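Chemist: only geometry, no sequence info:
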Ligand SMILES: Nc1ncnc2c1ncn2[C@@H]1O[C@H](COP(=O)(O)OP(=O)(O)OP(=O)(O)O)[C@@H](O)[C@H]1O
């Protein structure tokens with residue numbers, strides 16, 4: 001269970017530029033739940049992810065992951081609990097290292113780093129198997145440098161890296177936004193497969209309303225640092241994108257910019 005209790009984040013507190021990015025978020029996510037997060041620009045999505053990942057210490061409130069209070073634990077100290085895939089395919093892996101070296105490092109996430117012990121033949125066999133599951137033929141290129149891969153291939157490997165160890169939470173930060181539509185769909189299919197097979201508790205930020213409804217079990221919408229919509233179960237199953245837009249307009253009493261929330 002992931003629990004956020006009355007989480008507030010105020011940037012530049014006490015200055016003329018003071019900005020309340022999160023305004024008292026209460027959110028509980030059960031183990032194995034896949035939550036999609038939408039919201040217009042500046043709604044607080046990245047800040048929410050930052051609070052969960054440990055990049056941002058909330059101004060007030062409490063974060064617990066699987067019973068551990070992590071509110072003040074920096075990213076490095078919660079690495080065993082939280083895995084993350086970023087929007088930029090270059091951000092989640094090291095281009096100068098080979099695919100298998102990246103996997104070896106990912107496996108040591110949160111532990112003492114080192115390649116020698118990790119890269120024995122048993123580890124190599126496991127890496128080969130996980131990479132072969134991608135069906136991209138990359139299992140024959142484990143010795144290739146990461147920077148030789150396309151953005152989509154690299155993002156697929158990043159997903160394997162993020163889920164190599166048993167984290168308590170997977171954070172997906174618009175992880176298909178930089179990919180072409182075909183590759184984005186492939187990576188989303190892969191995401192769904194990995195998340196359901198490994199029963200991962202997942203939070204995915206997306207600007208695509210279609211992705212938000214097509215994947216996962218629950219959708220939350222942020223606006224002005226607050227959760228303005230939280231749908232799951234039968235209510236969510238019956239929702240169309242048009243309904244989502246209408247609900248947003250009703251809740252906020254305003255129109256939304258289609259550039260901010262992508263319909264597709
Ligand atoms: N480090 C910071 N210092 C000051 N203000 C910040 C900082 N980070 C974010 N903000 C502000 O906090 C608010 C929420 O930002 P956040 O990045 O969480 O929104 P978002 O929903 O992720 O938006 P986008 O879809 O554009 O990425 C915005 O008004 C933003 O300008």
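Modeler: Structure's in. What do you need? The structure presented is a predicted model; accordingly, all values stated were derived computationally and were not measured.
Chemist: pick out the residue closest to the middle of the chain.
Modeler: Nearest to the geometric centre of the chain sits residue 172, at 1.5 Å (C-alpha atoms, centre = their mean).
Chemist: which residues are in contact with residue 29?
Modeler: 1, 2, 3, 35, 201, 203, 218 (C-beta atoms under 8 Å, 6 or more residues apart in numbering). C-beta: built from backbone N, CA, C; applies to glycine.
Chemist: for residue 88, same thing?
Modeler: Contacts of residue 88 by C-beta under 8 Å, 6+ apart are residue 178.
Chemist: for residue 179, see how far away it is.
Modeler: 11 Å (C-beta to C-beta, to the nearest Å).
Chemist: now the strands: where do they sit in the stretch 1-150 of the chain?
Modeler: Here the stretch 1-150 of the chain has its strands, by DSSP state E, counting those that start in this stretch, at 2-11, 19-29, 34-39, 60-65, 68-69, 82-85.
Chemist: below-threshold pLDDT in the protein: ranges please.
Modeler: 110-119, 251-264 (pLDDT under 70).
Chemist: circling back: neighbour-wise, which of the contacts of residue 29 leads?
Modeler: residue 203 (27 neighbours; other C-beta atoms under 10 Å).
Chemist: same for the helix or strand that contains that one, what does it pack against?
Modeler: Element membership for residue 203 (DSSP states H and E) is strand 202-205. Secondary-structure packing of strand 202-205 (3 or more C-beta pairs under 8 Å, 6 or more residues apart in numbering; DSSP states H and E): strand 34-39, helix 45-53, strand 169-173.
Chemist: nearest to the ligand, out of those?
Modeler: For the ligand, the closest of those is helix 45-53, at 3.2 Å, according to C-beta to the nearest ligand atom.
Chemist: give me the contact list for that closest one.
Modeler: 2, 4, 7, 9, 21-22, 25, 37-39, 56-58, 63, 65, 75, 78, 82, 84, 169, 171, 173, 203, 205, 222, 225.
Chemist: give me the angle between it and strand 60-65.
Modeler: 60 degrees (axes from the mean of the first three to the mean of the last three C-alpha atoms, to 10 degrees).
Chemist: so where does residue 189 fall, helix or strand?
Modeler: For residue 189, the element it lies in under DSSP H and E is helix 181-197.
Chemist: what helices or strands is that helix leaning on?
Modeler: Identification of packing neighbours for helix 181-197 by 3+ C-beta pairs under 8 Å, 6+ apart yields helix 151-162.
Chemist: related to what we said a few turns ago, what residues does the helix holding residue 189 touch?
Modeler: In contact with helix 181-197 (C-beta under 8 Å, 6+ apart) are residues 34, 134, 150-152, 155-156, 159-160, 163, 170, 172, 175-177, 179, 200, 202, 204, 211, 214-215.
Chemist: do the same with stretch 144-163
Modeler: Residues outside stretch 144-163 that contact it (C-beta under 8 Å, 6+ apart) are 83-86, 89-90, 92-99, 102-103, 106, 130-131, 133-134, 136, 138, 141, 170, 175-176, 178-180, 183-184, 186-187, 190-191, 194, 198, 200.
Chemist: lovely, talk soon.
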